[in-house]
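Q: What follows is a predicted structure for the sequence shown.
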Amino acid sequence: MSEHPAVLVGVGAVVFRGEKVLLIRRAKPPLAGAWSIPGGALDYGETLHEAVRREVREETGVEIRILDLIDVFEALPREGGEEAARRHMLLVDFVAEWRAGEPVPGDDAAEAQFVPVAEALKRLSWDKTREAVARAIAIRRKASKTL
């Protein structure tokens, strides 16, 4: 039996509306006050797609259409400072398009808003989240060229 807590699974979405990206300001630890993409924990018995749609809706009031998987990122216990020192998370991030709703902060979000991509990249504090946004842009461009 391991002396460490279980590895947690989280989901996130890089949500586009035109040339803007949906961001939230985190209301709770870890990283309270930091800007991020909407997302959260996978619930038992829930699919990844169900979880990401639910988390975006709970945190922002926005409905999305999932386009594709971006990647699976890891937040390791040694990363993220003291707040995250005891957490190991797998983060499954998706690229999505806005379908309906105006951003209103809820659940774990203190603020929710669509911002231009360049501004989003400046606000994000975690390198892996910036990488997820950059990959989402590339996936979206590739998809638009094949249509």
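A: Sure, I can see it. Numbering: from 1, shown residues only.

Q: so what's residue 20 bridging to?
A: On the basis of DSSP bridges, residue 20 is bridged to residue 17, residue 116.

Q: hang on, it packs against residue 97?
A: No: assessed by C-beta atoms under 8 Å, residue 20 is found out of contact with residue 97, at 11.4 Å. For glycine as for every other residue, the C-beta is placed from the backbone atoms N, C-alpha and C.

Q: Output the below-cut-off pLDDT ranges for the protein.
A: Within the chain, the ranges that satisfy pLDDT under 70 run 1-2, 78-86, 147.

Q: just so I have it, where are all the strands in it?
A: Along the chain, counting by DSSP state E, strands occupy 8-17, 20-26, 35-36, 39-41, 63-75, 89-100, 109-116.

Q: what residues are up against residue 50?
A: The contact partners of residue 50, by C-beta atoms under 8 Å, 6 or more residues apart in numbering, come to none.

Q: Return the residues in contact with residue 94.
A: 11-14, 48-49, 52, 66-70.

Q: Measure how buried the residue lying closest to residue 107 once chain neighbours are set aside is and give me the count.
A: Closest residue to residue 107 in three dimensions, ignoring its sequence neighbours and counting by C-beta to C-beta, 6 or more residues apart in numbering: residue 58, at 4.1 Å. For residue 58, the tally of surrounding residues (other C-beta atoms under 10 Å) stands at 14.

Q: TSV for the strands of the chain, including distance to residue 131?
A: Below are the strands of the chain laid out as TSV (distance: least, C-beta to C-beta, whole Å):
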stretch	distance to residue 131
strand 8-17	10
strand 20-26	14
strand 35-36	13
strand 39-41	15
strand 63-75	8
strand 89-100	9
strand 109-116	18
